[in-house]
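Trainee: Next input, structure requested:
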Amino acid sequence: MDPGFLAKMMGVTRGFFNLPLDEKQKYSNLANGKEFRNEGYGNDMVLSEDQVLDWCDRLYLIVEPESRIIRSLWPAQPPAFADVLRQYTARCREIAGVVLANVAKLLGLQEGRFVGMMDEGVQKPNDDDGVWYNVPIVPNALLVNVGDLTEIMSNGLFRSPMHRAVTNAESDRVSLAMFFTLDTEKEIEPLPELVDDKRPRRYRKTTTKDYLAVLFERFTRGERALDTVKIDLNDD
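Mentor: Numbering: from 1, shown residues only. This is a model prediction of the structure:
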């Protein structure tokens, strides 16, 4: 993606977060000042005193499809915010198509196997031994994370990493994330082409809606939702 455009997208993002609090609160994720919703500006919903909190301010917006966009939550300031975000969305969609096509090719599937399943739109990776690895900062590069649903559909051939964002006391941090997911009612399970006697099914069937509900509930406890759908292959 063009470095100049990435700088423009980051610029309008920082411009929003640098606004006075009362201006940002116009786009609050608390409907009527009390009912939590994912979309809008704010923090995580607090469900219990034991909850693991993600300490950051965020602006979460659905950008596609048009029928799901809540325009009243799109900031009017900076003036270029909406237009730049629409351009960023279109460019990310193109990149996602290329990535998904190549994921399919690597798995020996038709290039369009994943692209047609994706709806328009789930910190740093670790491995199973609990060790965290630094991800190098590459200027003007996009970091692509494989999500949980891709791990399930690939029957574990692609792994969804645990990730976290870290900051320091010397400078702020702004991240731009674009999520591509499936229709909420779609059933998710390992693709039949990737299941055989040598590599049996490793995940139970679920739906996007049910899985995302578990994902949020587990996230508040610092746990992985994938563990709820994994099949214990050692279980007789």
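
Trainee: contacts and neighbour counts: CA atoms only from here.
Mentor: Noted.

Trainee: Quickly list what residue 60 is bridged to.
Mentor: With beta bridges defined as DSSP bridges, residue 60 has these partners: residue 40.

Trainee: Pull the number of nearby residues for it.
Mentor: 19 (other Cα atoms under 10 Å).

Trainee: ok, residue 21 to residue 78 distance?
Mentor: Remark: distance between residue 21 and residue 78 (Cα to Cα, to the nearest Å) = 14 Å.

Trainee: and if you look at residue 95?
Mentor: Counting by Cα to Cα, the gap from residue 95 to residue 78 is 26 Å.

Trainee: Comparing residue 21 and residue 78, which shows the higher neighbour count?
Mentor: Taking neighbours as other Cα under 10 Å, residue 21 and residue 78 compare with residue 78 leading, 16 against 9.

Trainee: List the residues that contact the more buried one.
Mentor: Applying Cα atoms under 8 Å, 6 or more residues apart in numbering, we find residue 78 in contact with 12, 15-16.

Trainee: And what about it, helix, strand or coil?
Mentor: coil (DSSP: H, G, I helix; E, B strand; the rest coil).

Trainee: Helix or strand next in line after the lowest-mean-pLDDT helix or strand in the chain, which one?
Mentor: In the chain, the helix or strand scored least confidently by mean pLDDT, DSSP states H and E is strand 118-119, which has a mean of 60. As assigned by DSSP states H and E, the chain's next helix or strand after strand 118-119 is helix 148-153.

Trainee: just checking, what packs against that next one?
Mentor: Of the remaining helices and strands, those touching helix 148-153 by 3 or more Cα pairs under 8 Å, 6 or more residues apart in numbering; DSSP states H and E are strand 187-188.
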